[in-house]
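Trainee: mind folding the following:
(2 chains)
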Amino acid sequence: MSASNAVAADTPRTGTSGSAADLTARSGPGARDGTTGGRSGKRKLTGREKRNLRVGLLFISPWIIGVAVFVVYPLVYSFVISLTQYSGMQSPTFIGFQNYIAAFVDPLLHTAVGNTVYYMLLAVPIGLVVALLLALAMNRNVREVALYRTLLYLPSLIPMFALSFIFIVFVNPQYGIVNQFLGLFGMPATNLLGDPRYAKIVMIVMAQLGAGNAALIYLAGLRNIPETLYEAARIDGASRFRQFFAITVPLLTPTILFNLITGVSGAMMVFTEAFIMTDGGPDNSTLFYMLYLWRNAFSYGQLGFASALAVLLFLFGMLLAGLIYWLSRRFVNYDVSAG
Amino acid sequence: MIDRRTLLRALGAGASVTFAGGSIVGCTNRPVGENRDPNTVRVWGIWASDQEKEMQVIEAFSEQNPDVKIEVSQVPSNGQGDASSVITAVRGRTGPDIYFMDRFNGAQFASLGLLEPIDGLIEEHEDVSVEEFMAGWVKFATDELYYDGQYYGLPMDTDTRGMYVNLGLADEAGIDRSLLDPANGPMSYEQLWEINDAFNVQDDSGTYEKVTWIPWDDQASLLMWAMANGVTFFSNETCHTLLDSPEMLAVAEMYAGWIERLDFARLDAFKATYQPPNAPPTQTSFFSDRQLFQITGPWGVQSQADYKPDMEYTVTHLPVPEEGDEPFTWAGGFALTMPKGASMSKAAWDFFTFYAGYEGQKILMPQISRIPTNIETIEDPKGWDRDIKFFVELLGVAKSRPPLPVGTKLWDAMMTMQGSLNQASDTPENLVTEAQQYVDPTMQQFCPVTLPEGFGEPDPHFPVEDVPGA
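Mentor: Next up, the predicted model:
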């Protein structure tokens, strides 16, 4: 039996629910009287608990206010505005769900959705792999590891707008390093950003330079894996390859899930590079959802329609996150973190 | 399972938090309109490179009006219809009293309620009627600021287009110089193609080394060729856009043919090589002696002097469909407007009319190689740089974009169509239909709308007969 199998056999696969239930049993409202809440389990808070609650709420009040002002209010306002014809200046005119109907029949929106999904399906998985490779490199037990970590993380510090300008130079048909490399194989000079077949690919490749952030999170996950598991695996004669897929990957799945969610969220809102490098072109091949939303809001003054697009994006994002969480029960392993 | 009471409490808490959030967000009492200091005029001025020149206008005004304080911020309009900065500022009550913006957005911004009409100020402070007052500026320029029976600003500059010719390359190719003389009228598309086929240079792999022209380059575009071929984009009678008209389809088909003949991918690679996006102004395919013709505006004269003074060049008419056709050009430019929340004070109006009027334009225009729009300034020999004389002469045949509340969307639709035709990703028939479907439903939200009376007709101040070669 491999080490990972041994670990998996000792604990239930649904680690989250198990842990939550344990916590509830230890400290939940029904802990003392043997119930788990509900009307029958109600009891009054003691003075100390009330004070703790007040202090706790006070401590998190900046966050609550922040969420109220910058998340809840815009969300509710956005939904209300999405039911109107509104330019941002005049009074909104209620038009029901017309903006949503218009969105569903808008051919350019279909293009924007297609481009965004294409970007997401390629950029996110590639990003997960690249970040993991970076994290593994950062985790090597060598003397100069701090230097390597810095070097690998550095590209993540470059703002996307600056990176966009740099990439424009990289892909220049004559001077660009990319075309010079392709030229070694006899390929003619091509304007990669001017060709709908390649423009999105350029942006997907460029996104990988920001993998350092995800790599740092992977690194934390990697360092959380007990060395004893690898020692046991080595004693059992497991190869490095086997150790990676039987220990590292399963125990990194919570981190992978986190990076997956943030990656999908980021990909759904890709904007800057398309705005700077191509302005949605050529032939709308880089017209991403957010760029189209922005264009409707601030170029056409159709804030009602743009709000409808924002609400649809929010709903799709929630749906996708829910789906990923639901699927994650099949592949995420919380054994070590629940530990 | 959550019970009903808990749910109601949660909803109540959520509503409170949202209300609190909304109160915080909406809480501002900065002065707007007549509550602002009437003697302080806040201006969102022109692009940073011309800041010093703009200051000369402000200094001249301040000498005459020492009691008025002018505060300038450099927040230029980017020309792409991006109103995010002014929308957010106006919403936050920090908008300017005077906003320098790309004029082609005038009707659109007015229709959104972002601009204040100036008719009331003209009636209050000028001794003439609104029409008479506005007749002091070039008609197509004031047309661009007209919406729903009112004017929303004063035009600043304008900028007709011409075709710059690298005479060294022209001689090399053996082109008869008389063909390039504007006094002999414009060359036809056929003549342009003859030159093209003789001049273009490609290496063994087919990569362009020298080209004659690029139909979408710089100030050339599908929109320009459509205007050159007499396409009208809007019907006053039906209040519909006309992007799928037979005339527009014919232009789209003609353009598609040009692209096929030139091979877009190779020409695009050529352009990206010698003039990549965001390249410095010195790095253009025209300046590097690789492009024979370049279609651009009067500012090109200054660029030639600054960045390529040794090039022998001339400027001639844009090519026209048939030999003997009347010359054609199109013009745009900028305007001064007053956004919602502006003070609309006497001091603001005085500065407004000074800046966009004779005195302000006379100071600014000669320095930025642009054409004034104020008739008195145009008629003054010192009102503009004499090196751009040809561009000023072209005013008699200049066309402008229709001032519609969907101006930006129409522009985007044309650019989308151009991009698709460049890539040959769809047929011209489908593309004109899609463009119409994209723009017209939004247009319908604003109907009934009509273009200004006499839109598209020659300005009486600039007879066609005065245009060289007409």
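Trainee: next up, the contacts around the closest residue in space to residue B:45 that isn't next to it in sequence.
Mentor: In this structure, residue B:45 finds its nearest non-sequential neighbour in residue B:72, 4.6 Å apart by CB to CB, 6 or more residues apart in numbering or on different chains. Every residue, glycine included, has its C-beta placed from N, CA and C. If you count contacts by CB atoms under 8 Å, 6 or more residues apart in numbering or on different chains, residue B:72 has them with B:43-45, B:51, B:54-55, B:58.
Trainee: so which residues on the stretch 151-300 of chain B come close to chain A?
Mentor: B:205-207, B:265, B:268-269, B:271-274, B:276-278 (CB under 8 Å from any CB of the partner chain).
Trainee: just these: which are in helices?
Mentor: Of those, the ones assigned to helices by DSSP state H are B:265, B:268-269, B:271-274.
Trainee: on that earlier part again, show me the two of the contacts of residue B:72 that sit farthest apart.
Mentor: The span of the contacts of residue B:72, defined through CB to CB, is set by B:44 and B:55 at 14.6 Å.
Trainee: what about the nearest residue to residue B:314 once chain neighbours are set aside, how many residues nearby?
Mentor: Taking CB to CB, 6+ apart, and ignoring the residues beside it in sequence, residue B:314 has residue B:165 as its nearest neighbour in space, at 5.1 Å. Other residues near residue B:165 come to 21 when the count uses other CB atoms under 10 Å in any protein chain shown.
Trainee: quick check: residue B:165 touching residue B:291?
Mentor: No - with contact defined as CB atoms under 8 Å, residue B:165 does not reach residue B:291; the gap is 10.2 Å.
Trainee: neighbours of residue 235, how many?
Mentor: In the absence of a named chain, this looks at chain A. Residues lying near residue A:235 (other CB under 10 Å) number 9.
Trainee: not quite, go with chain B.
Mentor: 13.
Trainee: please apply the same query to residue B:63.
Mentor: The tally of other residues near residue B:63 (other CB under 10 Å) stands at 8.
Trainee: quick check: pLDDT value at it.
Mentor: pLDDT for residue B:63: 96.
Trainee: check residue B:377 too.
Mentor: On pLDDT, residue B:377 comes in at 97.
Trainee: give the contact list for it.
Mentor: Contacts for residue B:377 (CB under 8 Å, 6+ apart) come out as B:357-358, B:361-362, B:365, B:383-384.
Trainee: next one: residue B:159
Mentor: B:297-299, B:331-333, B:370-371, B:391.
Trainee: repeat for residue B:256
Mentor: B:421, B:424, B:428.
Trainee: and it, how close does it get to residue B:206?
Mentor: Distance, residue B:256 to residue B:206, by CB to CB, to the nearest Å: 20 Å.
Trainee: which residues of the chain score low on pLDDT?
Mentor: Reading this off chain A. By pLDDT under 70, the weakly predicted segments of chain A are A:1-42, A:335-339.
Trainee: my bad, the chain I had in mind was chain B
Mentor: Low-confidence segments of chain B (pLDDT under 70): B:1-28, B:78-80.
Trainee: am I right that residue B:417 is in contact with residue B:433?
Mentor: No - judged on CB under 8 Å, residue B:417 makes no contact with residue B:433 at a distance of 10.4 Å.
Trainee: phi, psi of residue B:149?
Mentor: When read as degrees, to the nearest 10, the backbone of residue B:149 gives phi 80, psi 0.
Trainee: that one - how many residues pack around it?
Mentor: Per other CB under 10 Å, the neighbour tally for residue B:149 reads 9.
Trainee: would you list the contacts of residue B:72 in TSV and tack on distance to residue B:34?
Mentor: Converted to TSV, these look like this (distance: CB to CB, whole Å):
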residue	distance to residue B:34
B:43	18
B:44	20
B:45	23
B:51	30
B:54	26
B:55	28
B:58	23
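Trainee: ok, those vs residue A:167, which is closest?
Mentor: Nearest to residue A:167 among these is residue B:51, at 30.7 Å by CB to CB.
Trainee: near chain B, which residues of the stretch 51-200 of chain A? Just list them.
Mentor: Counting by CB under 8 Å from any CB, the stretch 51-200 of chain A sits next to chain B at A:64-65, A:67-70, A:72-73, A:76-77, A:85, A:87-90, A:102, A:107-108, A:165, A:168-169, A:172-175, A:188-191, A:193-196.
Trainee: looking at those, which are in helices?
Mentor: With helices taken from DSSP H, the overlap with these comprises A:64-65, A:67, A:73, A:76-77, A:102, A:107-108, A:165, A:168-169, A:196.
Trainee: out of everything not next to it in sequence, what's closest to the residue nearest the centre of chain A?
Mentor: In chain A, the residue lying closest to the centroid (CA atoms, centre = their mean) is residue A:262, at 1.3 Å. Distances taken as CB to CB, 6+ apart place residue A:214 nearest to residue A:262, at 7.4 Å, with adjacent residues excluded.
Trainee: quick one: residues contacting that neighbour.
Mentor: Residue A:214 sits in contact with A:127-128, A:131, A:259, A:262-263, where contact means CB under 8 Å, 6+ apart.
Trainee: ok, now with 10 Å
Mentor: Contact partners of residue A:214, counting by CB atoms under 10 Å, 6 or more residues apart in numbering or on different chains, are A:127-128, A:130-132, A:134-135, A:156, A:255-256, A:258-260, A:262-263, A:266.
Trainee: for residue B:31, same thing?
Mentor: Residue B:31 makes contacts with B:37, B:93, B:341, B:343, as judged by CB under 10 Å, 6+ apart.
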